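Engineer: Got a sequence here, can you model it:
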Amino acid sequence: MTIKDIYKVNEVVKGYEYYLHLLEEKCLGMFIYLNCPDSLPPEQIESRLIYEGRAIVFKHKTAGIVTVSGSLSGIDKYYLPTNAVYAQPALGSDNLLIGKDCIIIYNSQIDQYQNKGLYEIIARYARMLADADSSIQIALVNSRAQKMVTAATMTAAESINKVLEKMKAGDYESINQQSIIDMYKILDMYDTKNNIITELLSAKEKILSSFLSEIGVKNTYEKKERLISDELSTNEQLLTVNTDDLLTWRKKGIELVNKMFGTHILVKRNPVYSVDYVEKKEENL
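Structural biologist: Just a heads-up that it's a prediction; the model follows:
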């Protein structure tokens, strides 16, 4: 491997792609589905809820109960869709009547009308984390050059470089030409008193913490002792509201699927993501 092959952490686009996948993975593990038929993998339901805000579930004539992506059409008296249209190479295409031929599982209450899922939140925080990594990388590289020597001519620069190389090797060397000395100066490049790297690392942790809070997951970045009791209570209430909304709409959809197709699917919050689980982990530290 050469220096050209090293992953460039400061490139925001690469960082964005990295964090996009990382945050997507965190969201995909938030809920657990039980008793799903083999034809209806839980990850297929969740991926559609995250990326599209909805999952169309119907019973295909040969494939069994499946979920597909598609478009919604028609409106009822509350401006909710009445039909789901899909086109998929392995399943063909059809126009399904919602409530009769298919069920729509929604990611959240607002996704009934906007269908954005969690992808917009994921993309927003992925960009911020990529920017933070880029700034951290640049600051780390800049910290190597606390001083920069400048010279007026190439001859002066070569003489100064020879002296610096000897000094690195432990030898003593001096510049004895006043004309050369007059042609160079030392510039401050990095303020060692500035804790910018520490601040950037802290900012990165807070960004990730904010993302987890947005999707309703408690994390260990904010320790209890740093928060007054009122703040802690408010934070946990907000987390409960977020996860409960996502879970409520998944349960509503799954109940309709069970009723229409005679299945016994259950969906629940992944205990690893719950407030109680994190608190128990903290107590055992």
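
Engineer: close enough to count as contact, Arg88 and Val68?
Structural biologist: Check again: residue 88 is Gln, not Arg. Yes. Taking Cβ atoms under 8 Å as the definition, Gln88 is a contact partner of Val68 at 5.5 Å. Backbone N, C-alpha and C define where each C-beta goes, glycine included.

Engineer: Who has more neighbours out of those two?
Structural biologist: The neighbour comparison of Gln88 against Val68 (other Cβ atoms under 10 Å) goes to Val68, with 23 against 14.

Engineer: which residue sits closest to the more buried one, ignoring its sequence neighbours?
Structural biologist: Spatially, and ignoring its direct neighbours in sequence, Val68 is nearest to Tyr86 (4.4 Å; Cβ to Cβ, 6 or more residues apart in numbering).

Engineer: List the buried residues for the helix or strand hosting that neighbour?
Structural biologist: Element membership of Tyr86 [criterion: DSSP states H and E] is strand 83-88. Within strand 83-88, the residues scored as buried using 16 or more other Cβ atoms under 10 Å are 83-86.

Engineer: want to try a markdown table for those residues, with pLDDT as columns?
Structural biologist: Conversion of the buried residues of strand 83-88 to a markdown table gives the following (pLDDT from 0 to 100):
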| residue | pLDDT |
| --- | --- |
| Asn83 | 97 |
| Ala84 | 97 |
| Val85 | 97 |
| Tyr86 | 96 |
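
Engineer: related to what we said a few turns ago, parallel or antiparallel, which strands does the strand holding Tyr86 pair with?
Structural biologist: Strand 83-88 pairs in its sheet with strand 71-73 (antiparallel), strand 92-97 (antiparallel), by DSSP bridges.

Engineer: Format those strands as CSV; extra columns: distance to Ser135 and mean pLDDT.
Structural biologist: As requested, the strands paired with strand 83-88 are arranged in CSV below (distance: least, Cβ to Cβ, whole Å; pLDDT from 0 to 100):
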stretch, distance to Ser135, mean pLDDT
strand 71-73, 40, 94
strand 92-97, 48, 97
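
Engineer: To Glu24, which of those strands lies closest?
Structural biologist: With Cβ to Cβ, the closest approach to Glu24 among the strands paired with strand 83-88 belongs to strand 71-73: 22.8 Å.

Engineer: in the closest one, what's buried?
Structural biologist: Judged by neighbour count (16+ other Cβ under 10 Å), strand 71-73 contains these buried residues: Leu72.

Engineer: Give me the contacts around that strand.
Structural biologist: Applying Cβ atoms under 8 Å, 6 or more residues apart in numbering, the external contacts of strand 71-73 come out as 54, 81-86, 95, 98, 104, 115.

Engineer: tell me the contacts of Asp111?
Structural biologist: Asp111 neighbours (Cβ under 8 Å, 6+ apart): 49, 53-54, 117, 249.

Engineer: hmm, 7 Å instead?
Structural biologist: 53-54, 117 (Cβ atoms under 7 Å, 6 or more residues apart in numbering).

Engineer: pLDDT below threshold where in the protein?
Structural biologist: Flagging of the chain using pLDDT under 70 yields the residue ranges 1-9, 144-152, 160, 164, 167-194, 218-241, 274-285.
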